[in-house]
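Asks: Using only what follows, build the 3D model:
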Amino acid sequence: MTRSRRSPLNRSLDRGIAILRAFRPGTELLGNGDIAERTGLPRASISRLTQTLTEAGWLEHDVRQRAYRLGAPVLTLGHAMRSGSPVLRIATPPMTALARRLRINVGLAMRDADEMVYLESVRFNARGSQRSVVSGQRVPIELTALGRAWLAVAPEAERAALTAHWKKKWRARWRKLEQEIAEAAVNVTRKGYCVASWQPQVVAMATPLVAASRPVHVLNVSVTTEAPVTSVVRSLEQPLLTLAAQLRVAIGEIDR
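Replies: Coordinates of the predicted model:
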């Protein structure tokens, strides 16, 4: 999913970024054919760009496998982003405190193309021990509480472009998804949050954090449970909204 109205001057940069985005957790090596399938880019362009990215150190070329893996500089970018984000510095301590107190998962995410990317995710298992933080994990916008909360406040042009993309992607299933997305938007307006359960026995709630000078962030809480969704919502509604209100004030004060 690409952004619209890109100028010809940044096409090579856009395509290079698309190649880097093609690498996901669980994928060690990608050949030019794999990259072409994931990005939709011409093979000739991919060959030229992978060579450039390899020379710059962003990719490593495995000669025996005739494929590429991500290079070390990619990791430094992620670390620089996390350590340099004032929003994460503000949000992580109270997120961790809430996750520990209620023994739940608390996450913060932003939109990237047609997915939401976790900036931070503090997770606890059923016995209350903290699990590894999962930052950089991606989830689909259209299926998740995170994504639907973002859609509820997204600019109309971006929402329309994504809707057109999903209509082609999901075909017969799209009508039901469209209705669920619309209902989520209504809930965000009326209640301040939306709910989704796109994975078995996982109930997630999310609310958007909107600040005038910054991209929209989305806060979510989730649990793995066999309890009815309504009871989970009752127990997590106020903690989510309270933390969101606290973070909105803090984020709004960053640039003052």
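Asks: Going by C-alpha atoms from here, please, whenever you check contacts or count neighbours.
Replies: Will do.
Asks: Show me the strands in the stretch 151-256 of the chain, by range?
Replies: Ranges of strands in the stretch 151-256 of the chain, per DSSP state E, counting those that start in this stretch, are 194-196, 202-211, 214-224.
Asks: Quick check: phi and psi on Leu119?
Replies: Here is the backbone geometry of Leu119 (degrees, to the nearest 10): phi -80, psi -30.
Asks: swap that for Arg103, sorry
Replies: Main-chain dihedrals, Arg103, degrees, to the nearest 10: phi 60, psi 50.
Asks: Confirm for me that it is in contact with Val122.
Replies: No: the pair Arg103 / Val122 is not scored as a contact, 9.9 Å apart, by Cα atoms under 8 Å.
Asks: These two: which is more packed in?
Replies: Set Arg103 next to Val122 and count neighbours by other Cα atoms under 10 Å: Val122 wins out with 24 against 21.
Asks: Look up how far Leu108 lies from that one.
Replies: According to Cα to Cα, to the nearest Å, Val122 and Leu108 sit 9 Å apart.
Asks: Low-confidence stretches in this structure?
Replies: 1-9, 125-134 (pLDDT under 70).
Asks: Tell me the residue in it that is farthest from the middle.
Replies: Computed with Cα atoms, centre = their mean, the residue of the chain farthest from its C-alpha average is Arg64, at 33.9 Å.
Asks: care to break this protein down by domain?
Replies: For the chain, automatic domain parsing gives the domain ranges 8-73, 85-252.
Asks: Between its first and last residues, how far does the last one reach?
Replies: Translated: domain 85-252. Length of domain 85-252, first residue to last, Cα to Cα: 14 Å.
Asks: same question, stretch 106-124
Replies: 9 Å.
Asks: For it, buried residues please.
Replies: 106-111, 114-124 (16 or more other Cα atoms under 10 Å).
Asks: What of stretch 49-66?
Replies: 49-50, 53-54, 58-61.
Asks: again with stretch 34-48
Replies: By 16+ other Cα under 10 Å, the buried positions in stretch 34-48 come out as 35-36, 39, 41, 46.
Asks: swap in stretch 245-256?
Replies: Applying a neighbour-count criterion of 16+ other Cα under 10 Å, the buried positions in stretch 245-256 are 247-248, 251-252.
Asks: Is it possible to get the buried residues of stretch 34-48 out as JSON lines so that each row also shows secondary structure and distance to Leu77?
Replies: Formatted as JSON lines, the buried residues of stretch 34-48 follow (DSSP: H, G, I helix; E, B strand; the rest coil; distance: Cα to Cα, whole Å):
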{"residue": "Ile35", "secondary structure": "helix", "distance to Leu77": "21"}
{"residue": "Ala36", "secondary structure": "helix", "distance to Leu77": "24"}
{"residue": "Thr39", "secondary structure": "helix", "distance to Leu77": "21"}
{"residue": "Leu41", "secondary structure": "coil", "distance to Leu77": "24"}
{"residue": "Ile46", "secondary structure": "helix", "distance to Leu77": "22"}
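Asks: Out of these, flag the one nearest to Pro239.
Replies: Closest approach between these and Pro239, by Cα to Cα: Thr39, at 39.9 Å.
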